[in-house]
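In: Okay, here's the prediction I keep looking at, along with the sequence it came from:
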Amino acid sequence: MGVEFNHTIIWCRDRHVSADFFAAIYGLAEPVDFYHFCVVRLAHGVFLDFAEKDGPIAPQHYAMLVDESTFDALLSRIETRRLTYWADPMRSRAGEINHNDGGRGLYFEDPDGHILEALTVPYGGFTRKVEG
């Protein structure tokens, strides 16, 4: 089978708020509770397990590859909610999207300050097979 990504834990203040936000923005199925997690299912059997944490949340970056129609719908939901988005991870180009590697991409923050990204083409020409 090789190595496949299965799940990660995303620390947050309120697992339901964060999971619902993520699922709504990306147009995914409603999250489900599983033990002390609120779980969002992605494609290919990958899961995001939102878990609550006391104290500061260290912002992380989560990039999601999406198709063109999903990107359009995601951007519309971001604009409807009047969320700030950027074309770059340094957050210097507000209200813009990028066109890196011939695709489209943007960055925005979730309720806990994690930097979420949506892109339509993998950066650097990478495909599912990475050599090196």
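Out: Now that the structure is in, tell me what you want to look at. Numbering: from 1, shown residues only.
In: unless I'm mixing things up, G113 is touching H61, no?
Out: No. Applying CB atoms under 8 Å as the test, G113 and H61 come out as separate, 11.0 Å apart. Bear in mind the C-beta positions are built from the backbone N, C-alpha and C, glycine included.
In: For the nearest residue in space to G105 that is not next to it in sequence, which residues are in contact?
Out: Closest residue to G105 in three dimensions, ignoring its sequence neighbours and counting by CB to CB, 6 or more residues apart in numbering: L119, at 3.7 Å. Residues counted as contacts of L119 (CB atoms under 8 Å, 6 or more residues apart in numbering) are A63, M64, L65, V66, N100, G103, R104, G105, L106.
In: go with 10 Å
Out: With contact taken as CB atoms under 10 Å, 6 or more residues apart in numbering, L119 is in contact with 63-66, 71, 97-98, 100-101, 103-107.
In: So for G113 and H61, which sits in the more crowded spot?
Out: Between G113 and H61, G113 has the larger neighbour count (other CB atoms under 10 Å), namely 13 against 10.
In: Next, the contact list for the more buried one, please.
Out: C12, R13, P56, I57, A58, P59, Q60.
In: What residues does the last one make contact with?
Out: By that I understand Q60. Residues in contact with Q60 (CB under 10 Å, 6+ apart) are T8, I10, W11, D110, D112, G113, H114, I115, L116.
In: which intervals of the protein have sub-threshold pLDDT?
Out: 1, 125-132 (pLDDT under 70).
In: which residues of it fall in helices?
Out: In the chain, the helices defined using DSSP state H lie at 15-26, 68-80.
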